[in-house]
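Asker: what would the 3D arrangement of this be:
(one chain, ligands or ions: 1)
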Amino acid sequence: MTSLLTPTPRLGFDPATKRFGQLIEGRLVDGATRVAVVDPGTAEQIAEAPAASSEQLDLAVAAARRALPAWSALDVGERGRVLHAVADVLAAHHEELAQLTTLEQGKPITQARDDVSWSIDFTRYFADYRLETEVLRDDDANRVELRRRPVGVVGAITPWNFPLFQALYKLAPALVVGNTMVLKPSPTTPLATLYFGELIRDVIPAGVFNIVGDGGDLGRRLTAHPGVDKVSFTGSTVTGRHVMAACAPTLKRLTLELGGNDAAVVLADADVEKTAEGLCTWAYSNAGQVCVSIKRIYVPSSMHEAMVEALSRRIAALTVGHGLDEQTQVGPVQNKVQYDKAREHLTVARRDGRIVAGGDALDRPGYYIAPTLVCDIDESSPLVAEETFAPIRSVLRYDDLDDAIARANATPYGLGASVWGTDIENAMDVAGRLEAGTTWINHHFQLTPDVPFGGIKQSGLGAEFGRTGVEEFTDVHVVNLKHT
Ligand code: NDP
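Answerer: I've put the predicted structure just below:
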């Protein structure tokens with residue numbers, strides 16, 4: 001189903017004429033140059049965003065360094081209060097930030113509203129988070145405490161699939177433990193982040209949080225900057241390797257959340273309709289542009305026909321359209337590069353497999369790809385072997401569960417996975433054998449601030465969220481007292 005409606009965004013300003021500014025030491029600063037921002041739902045320019053010069057990046061890092069002593073010395077309760085005030089601002093501008101996210105990113109407005117709600121929830125959760133000192137030993141000879149101190153200036157790089165949410169889920173835990181930050185949004189989705197910076201410029205003390213605009217070459221400079229102590233990067237595995245190399249000369253701390261090729265293993269006792277519903281949701285959400293999308297679906301041969309039919313029926317019923325149309329369930333892919341890649345994937349799908357749903361780019365302005373399902377495809381095809389960041393998914397048959405598990409694990413990625421079945425003990429057992437940072441059972445992609453999320457193998461390094469994630473923004477400080 002397609003919808004041709006392109007509603008006007010409901011914003012308190014016109015993005016085409018608004019001068020979006022970078023946030024540097026509490027001031028809104030023009031870029032050295034400007035970059036065009038495109039609505040992927042129409043492929044037309046909607047705004048211009050500032051891009052930083054090297055000097056402006058230096059100013060932002062210097063501002064973050066200057067702000068560090070006072071911010072880290074503040075009582076954690078005070079820092080938490082600032083973060084709650086940030087959440088209040090997000091809540092007050094909820095709809096506007098959601099509309100802006102949809103306009104620049106393409107996702108359905110219902111999903112953009114979720115992004116803002118999650119941003120608020122995660123910010124409030126981390127605002128109240130406390131890393132207590134651990135007493136490792138307290139005896140007649142010693143008292144040994146394990147304390148945590150902030151790492152310093154964090155360089156954060158956020159991608160274009162959840163631009164605002166990812167900014168907030170890096171910002172809140174980093175700030176609550178006393179770090180300061182310089183954040184670089186993706187050049188294709190900078191607007192909601194820059195607008196957020198404008199809204200909170202009097203809420204977060206000057207220099208504690210800075211946003212620099214990217215003209216397409218800032219990532220390399222930010223990650224190599226000697227004034228940055230830690231990098232938190234979300235993006236592709238290929239770029240993750242470059243980021244790691246850039247961090248090496250100054251031994252920066254590093255968290256990498258990279259690509260994934262998540263397998264869903266459907267067990268023989270799974271309920272076909274219920275499972276198809278869950279698979280469809282988490283395979284096509286955000287037009288398949290989620291690191292933890294379900295990308296490969298393993299189904300017993302005995303269930304193959306029924307599952308393909310149940311999935312195809314649901315896929316055909318999905319409404320594809322502009323994200324601002326309330327009826328839209330699948331929006332465009334985010335940018336022209338991804339669109340071109342997705343069309344190449346469709347060519348490969350036609351060459352290597354049998355398309356049972358979708359299969360084409362839509363013949364209309366914008367970067368629209370019909371949600372597509374492919375079966376009878378060999379796993380050596382790049383469509384299956386590589387991460388497909390588009391609404392194109394493969395169903396793969398298996399006759400032997402051990403074989404399915406081995407095939408699900410036969411990838412350099414290890415981000416998420418899921419198991420679908422009714423015998424929970426068996427599903428838990430299968431989950432334990434899948435190589436992933438997170439394995440969900442009878443659902444996929446549930447992220448909450450209290451549960452660590454990270455990838456194994458080449459899907460990343462370290463974790464975000466939960467105690468593990470907060471600790472990644474700290475260094476260990478042991479204080480060892482000898483009783484005399
Ligand atoms: P990339 O992951 O390749 O990342 C691009 C970002 O990394 C840009 O902000 C870029 O900044 C920065 N960057 C590029 N080179 C370097 C470097 N040498 N050092 C530091 N930073 C650098 O995203 P793409 O947009 O190119 O998408 C490519 C693929 O990445 C997608 O097809 C998808 O598979 C995956 N992806 C994964 C995401 C996830 O959530 N894990 C999110 C988005 C994409 P600059 O512009 O300044 O160069």
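Asker: skipping adjacent residues, who's closest to V470 in space?
Answerer: Excluding its sequence neighbours, the residue lying closest to V470 (C-beta to C-beta, 6 or more residues apart in numbering) is P173, at 4.8 Å. C-beta coordinates here come from the backbone N, C-alpha and C atoms, glycine included.
Asker: which helix or strand contains the one you found?
Answerer: Here P173 is covered by helix 163-176, with elements defined by DSSP states H and E.
Asker: likewise D450?
Answerer: Going by DSSP H and E, D450 is not part of any helix or strand.
Asker: check what pLDDT the nearest residue to it once chain neighbours are set aside gets.
Answerer: Closest residue to D450 apart from its sequence neighbours, by C-beta to C-beta, 6+ apart: G466 at 5.6 Å. According to the prediction, G466 has pLDDT 97.
Asker: touching, G466 and L447? I think so.
Answerer: No - counting by C-beta atoms under 8 Å, G466 stays clear of L447, with 10.5 Å between them.
Asker: my hunch is that A156 is in a strand, does that hold up?
Answerer: Yes - counting by DSSP: H, G, I helix; E, B strand; the rest coil, A156 is part of a strand.
Asker: for it, list each beta-bridge partner.
Answerer: Applying DSSP bridges to A156 gives these bridge partners: L183, S232.
Asker: next, count neighbours for the residue nearest to D450.
Answerer: Counted with other C-beta atoms under 10 Å, the neighbours of G466 add up to 18.
Asker: show me which residues of stretch 382-399 are buried.
Answerer: For stretch 382-399, a neighbour-count test (16 or more other C-beta atoms under 10 Å) marks 383-384, 386-398 as buried.
Asker: contacting residues around the residue nearest to D450?
Answerer: Contacts for G466 (C-beta atoms under 8 Å, 6 or more residues apart in numbering) come out as P449, D450, V451, P452, F453.
Asker: what helices and strands are in contact with the helix holding P173?
Answerer: Packing partners of helix 163-176 (3 or more C-beta pairs under 8 Å, 6 or more residues apart in numbering; DSSP states H and E): helix 76-92, helix 94-105, helix 109-127, strand 153-157, strand 180-184, helix 191-199, strand 230-234, helix 466-471.
Asker: check contacts around A283.
Answerer: Per C-beta under 8 Å, 6+ apart, neighbours of A283: A264, S293, I294, K295, I297, P391, R393.
Asker: farthest pair within those?
Answerer: A264 and P391 (15.4 Å; C-beta to C-beta).
Asker: can you dump the C-alpha coordinates of the helix or strand hosting T281 into PDB?
Answerer: For T281, the element it lies in under DSSP H and E is helix 272-284. The C-alpha trace of helix 272-284 is given here as PDB (Å, rounded to 0.1, in the frame of the first residue of the first chain):
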ATOM      1  CA  VAL A 272       3.300 -18.700  12.800                       C
ATOM      2  CA  GLU A 273       0.900 -15.700  12.900                       C
ATOM      3  CA  LYS A 274       2.200 -14.200  16.100                       C
ATOM      4  CA  THR A 275       5.800 -14.800  15.100                       C
ATOM      5  CA  ALA A 276       5.300 -13.200  11.600                       C
ATOM      6  CA  GLU A 277       3.800 -10.200  13.300                       C
ATOM      7  CA  GLY A 278       6.900  -9.700  15.500                       C
ATOM      8  CA  LEU A 279       9.300 -10.400  12.700                       C
ATOM      9  CA  CYS A 280       7.600  -8.000  10.400                       C
ATOM     10  CA  THR A 281       7.700  -5.200  13.000                       C
ATOM     11  CA  TRP A 282      11.400  -5.600  13.700                       C
ATOM     12  CA  ALA A 283      12.600  -6.300  10.200                       C
ATOM     13  CA  TYR A 284      11.000  -3.200   8.500                       C
END
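Asker: now the element after it, going C-ward?
Answerer: Once the chain leaves helix 272-284, the next helix or strand it forms, by DSSP H and E, is strand 294-300.
Asker: ok, and does that following strand reach over to the ligand?
Answerer: No - on the criterion C-beta under 6 Å from any ligand atom, strand 294-300 is out of touch with the ligand, staying 10.3 Å away.
Asker: list the buried residues of stretch 445-459.
Answerer: Buried-residue list, stretch 445-459, by 16+ other C-beta under 10 Å: F445, L447, P449, P452, F453, G454, G455, K457, Q458, S459.
Asker: kindly apply the preceding question to stretch 469-484 instead.
Answerer: Neighbour counts using 16+ other C-beta under 10 Å place G469, V470, E471, E472, F473, T474 of stretch 469-484 among the buried residues.
Asker: kindly report the same for stretch 423-441.
Answerer: Counting neighbours by 16+ other C-beta under 10 Å, stretch 423-441 gives A427, V430, A431, R433, L434, E435, A436, G437, T438, T439, W440 as buried.
Asker: how far does that stretch sit from the chain's center?
Answerer: 23 Å (C-alpha atoms, centre = their mean, to the nearest Å).
Asker: end-to-end on it?
Answerer: 11 Å (C-alpha to C-alpha, to the nearest Å).
Asker: I'd assumed E425 was in a helix, is it?
Answerer: Yes - counting by three-state DSSP, E425 is located in a helix.
Asker: how close does it sit to N409?
Answerer: 21 Å (C-beta to C-beta, to the nearest Å).
Asker: ok, A174 next?
Answerer: Distance of A174 to N409, given as C-beta to C-beta: 33 Å.
Asker: between the two, who's got more neighbours?
Answerer: Using other C-beta under 10 Å, the more surrounded residue of A174 and N409 is A174, with 27 against 16.
Asker: what sits against that one?
Answerer: Contacts for A174 (C-beta under 8 Å, 6+ apart) come out as V154, A156, M181, S232, F473.
Asker: out of these, the closest to R221 would be?
Answerer: Nearest to R221, judged by C-beta to C-beta, of the contacts of A174 is A156 at 14.1 Å.
Asker: who touches R201 in this structure?
Answerer: Going by C-beta under 8 Å, 6+ apart, the list of residues near R201 reads L23, G26, R27, L28.
Asker: list the contacts of the second one.
Answerer: By C-beta under 8 Å, 6+ apart, the contact set of G26 is R201, D202, P205, A206, G207.
Asker: can you report how many residues lie near the fourth one?
Answerer: In terms of burial, A206 registers 16 neighbours under the definition other C-beta under 10 Å.
Asker: where do the strands of the stretch 351-484 of the chain begin and end?
Answerer: 354-357, 372-375, 392-398, 416-420, 438-441, 460-461, 474-482 (DSSP state E, counting those that start in this stretch).
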